[in-house]
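Asker: Curious how this folds, go ahead:
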Amino acid sequence: MSKKWSEARLYQNQGRFKFPCGQDYGLICFVGDDQKIGAVTEQYIEIIHGQDTPRPSTLRFHNPDVPQPWLRKGESNHEH
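Answerer: Numbers count the residues shown, from 1 in each chain. Predicted coordinates:
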């Protein structure tokens with residue numbers, strides 16, 4: 001949470017729609033037993049699958065509450 005992540009963005013486990021639909025679910029809902037947390041920044045947290053295998057894959061869970069580098073000024077993170 002020191003990197004501007006809210007408790008809900010990290011731990012919320014209930015939403016308006018059935019998992020994984022919607023944006024109501026926190027990071028913890030996407031991390032399984034065979035996955036690990038990688039880099040933690042204000043913009044994203046990495047989820048690494050198969051870290052101890054020859055071909056690990058990394059997914060980034062983006063924080064919609066902070067500016068993202070691919071959005072230009074005037075664009076919004078929120079749907080209208």
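
Asker: what about residue 15, neighbour count?
Answerer: Using other C-beta atoms under 10 Å, residue 15 has 15 other residues around it. Bear in mind the C-beta positions are built from the backbone N, C-alpha and C, glycine included.

Asker: what's the spacing between stretch 26-46 and its chain's center?
Answerer: Distance, stretch centre to chain centre, for stretch 26-46: 6 Å (C-alpha atoms, centre = their mean, to the nearest Å).

Asker: so what's the most centrally placed residue in the chain up against?
Answerer: When the chain is reduced to its mean C-alpha position, the nearest residue by C-alpha atoms, centre = their mean turns out to be residue 61, at 2.3 Å. Under the criterion of C-beta atoms under 8 Å, 6 or more residues apart in numbering, the contact list for residue 61 reads 27, 30, 44, 45, 46, 47.

Asker: backbone phi and psi for the closest residue to residue 28 other than its chain neighbours, please?
Answerer: The spatial neighbour of residue 28 that comes closest, neighbours along the chain excluded (C-beta to C-beta, 6 or more residues apart in numbering), is residue 11 at 5.2 Å. As for residue 11, its main-chain torsions (degrees, to the nearest 10) stand at phi -120, psi -10.
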